[in-house]
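>>> Here's a sequence, model it:
(one chain, ligands or ions: 3)
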Amino acid sequence: MFDKSTWIQLPRNVLVGHGVLDELADAVDELYLTGRPFLVTSPTPNDIAGDAVRAQFDDPASVTIETASFESVERVVAAAEAADAGYLVALGGGKVIDTAKMASDSLDCGFVSVPTAASHDGIVSGRSSIPEGDTRHSVAADPPLAVVADTAILAEAPWELTTAGCADIISNYTAVKDWQLAHRLKNVEYSEYGGALSQMTAEMLVDSAESIKPGLEESAWVVVKALVSSGVAMSIAGTSRPASGAEHLFSHQLDRLVPGRALHGHQVGVGAIVTEYLHSGEKGEWRDIRDALGEVGAPTTAGELGIDDETIIEALTTAHTIRDRYTILGDGLREDAAREAAGFTGVI
Ligand SMILES: NC(=O)C1=CN([C@@H]2O[C@H](COP(=O)(O)OP(=O)(O)OC[C@H]3O[C@@H](n4cnc5c(N)ncnc54)[C@H](OP(=O)(O)O)[C@@H]3O)[C@@H](O)[C@H]2O)C=CC1
Ligand SMILES: O=C(CO)COP(=O)(O)O
Ligand SMILES: [Zn+2]
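Ligands and ions are numbered 1, 2, ... in the order given. This is a model prediction of the structure:
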């Protein structure tokens, strides 16, 4: 008997372009949402666009969070319940969107994603990435009902946020390789569509790398479209596997060892250089990854991340413990192998 089934959830409206923030209320109207709008944001995004969002709604309520954590999710849920919120509007970077995504799931209400930085591919994904103690959960959560990505705001954000988004996309190369490896060795379910879309998204971004330059709004356009596409790949796959492999485990471990030191996208990019070396060896494609990162202006070394060599080695040798996700790291990278890989690739 044929017994496969799948449920792919995607946003209904995706608005990307100059000034689309002004169309937020129209995009929300189209969704037939009812009740009081509740804005979830963080300090900088609130300063940049909080008032512009609030001005479009009657009687909005809001909360500001500082970290992506289960405590923040609980705080948002409690504040939204107290405000009798009908739906959430997430205005900010990855931590705000992940927190609002989980809170809306818990509140059983819809949410709308309004990214202020083209820094990560969680903008439309059906996953939340939340750290807890020694581990980091990739939690299934309904994706946004709509995404409103104003390229005027994204282009004004510090350039490093955009290069972090590029690196999060470039890391799809190694994430897909890890997923295919886990499929072959551990029979992990693999989605051809999810894998192909993720890989194609990385290829298209790298092919456009020349046009990704600071000060050009078109760069924000190219990058945010790739981030949307990568998020769709995760939604198709029903897992973050298309966009998160060993390079992400390495970055999550860095978040524990040296919290807040470097951006998520920058860390996963440097991680991808090393894990590509582990996949394909000295003559392999790690140079292509490094050069693609370099071309968009993302870090390629520990020094550029502002992280010392020993912390890089500790993260590489312990990354496999972060979660039960089989990758090229297997049951752990030996310290001498980690030094060889990071040294040969020039990461340390
Ligand atoms: N769910 C998923 O599928 C995915 C989730 N992620 C997660 O997303 C997070 C990374 O996202 P990222 O956006 O890098 O991290 P943050 O949300 O922490 O944002 C990074 C910094 O940028 C600031 N900021 C945001 N917008 C602007 C702006 N327009 N101008 C100036 N500063 C701005 C933030 O300010 P402030 O401090 O005030 O917030 C913050 O200091 C990680 O937690 C990662 O795990 C990443 C990829 C996929
Ligand atoms: O960052 C992600 C994809 O870019 C997903 O994060 P996780 O590794 O927590 O699933
Ligand atoms: Zn990522």
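>>> Residue 267 reaches residue 251, doesn't it?
Yes: counting by CB atoms under 8 Å, residue 251 is a contact partner of residue 267 at 3.6 Å. To be clear about C-beta, it is placed using only N, CA and C from the backbone, and glycine gets the same treatment.
>>> For the lengthiest helix in the chain, which helices and strands make contact with it?
If you go by DSSP state H, the chain has its longest helix at helix 217-237. If you count contacts as 3 or more CB pairs under 8 Å, 6 or more residues apart in numbering; DSSP states H and E, helix 217-237 packs onto strand 13-17, strand 146-150, helix 151-156, helix 159-170, helix 192-207.
>>> Next, see if it gets close to ligand 2.
No: using CB under 6 Å from any ligand atom, helix 217-237 never reaches ligand 2; the gap is at least 6.9 Å.
>>> What residues sit buried inside that helix?
For helix 217-237, the neighbour count (16 or more other CB atoms under 10 Å) marks 219-237 as buried.
>>> What of stretch 255-264?
Of all the residues in stretch 255-264, those buried under the rule 16+ other CB under 10 Å are 255, 258, 262, 263, 264.
>>> Ends of that stretch, what's the gap?
In stretch 255-264, first residue to last residue: 8 Å (CA to CA, to the nearest Å).
>>> who touches stretch 335-348?
The contact list for stretch 335-348 (CB atoms under 8 Å, 6 or more residues apart in numbering) reads 270, 273-274, 277-278, 282, 286, 290, 300-302, 309, 312-313, 316-317, 333.
>>> ok so, going back, tabulate the buried residues of stretch 255-264 (TSV), appending distance to residue 53.
TSV is the format used below for those (distance: CB to CB, whole Å):
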residue	distance to residue 53
255	28
258	33
262	29
263	24
264	24
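>>> Under a three-state scheme, what state does residue 130 occupy?
Under DSSP: H, G, I helix; E, B strand; the rest coil, residue 130 falls in the strand class.
>>> Just the contacts of stretch 335-348: which are in helices?
Secondary structure from DSSP H places 270, 273-274, 277-278, 286, 290, 302, 309, 312-313, 316-317 of the contacts of stretch 335-348 in helices.
>>> Closest one of these to ligand 1?
Within those, distances to ligand 1 taken as CB to the nearest ligand atom reach their minimum at residue 270, with 14.4 Å.
>>> could you list every residue that touches the closest one?
By CB under 8 Å, 6+ apart, the contact list for residue 270 reads 293, 299, 300, 301, 302, 304, 305, 347.
>>> tell me which of those is nearest to ligand 2?
Comparing the contacts of residue 270 against ligand 2 with CB to the nearest ligand atom picks out residue 293 as the nearest, at 14.8 Å.
>>> The closest one: which element?
Using DSSP states H and E, residue 293 sits in helix 286-296.
>>> Give me the neighbour count for residue 199.
17 (other CB atoms under 10 Å).
>>> Could you tell me the model confidence score at it?
Residue 199 carries a pLDDT value of 98.
>>> residues contacting it?
172, 173, 176.
>>> and if we set it to 6 Å?
Applying CB atoms under 6 Å, 6 or more residues apart in numbering to residue 199 gives the contacts residue 176.
>>> Against residue 178, how distant is it?
As judged by CB to CB, to the nearest Å, residue 199 and residue 178 stand 12 Å apart.
>>> And for residue 246?
Residue 246 is 5 Å from residue 178, where distance means CB to CB.
>>> residues shared between the contacts of these two?
327, 328.
>>> Pick out whichever of the two has more residues nearby.
More neighbours surround residue 246 than the other of residue 246 and residue 178, with 32 against 26 (other CB under 10 Å).
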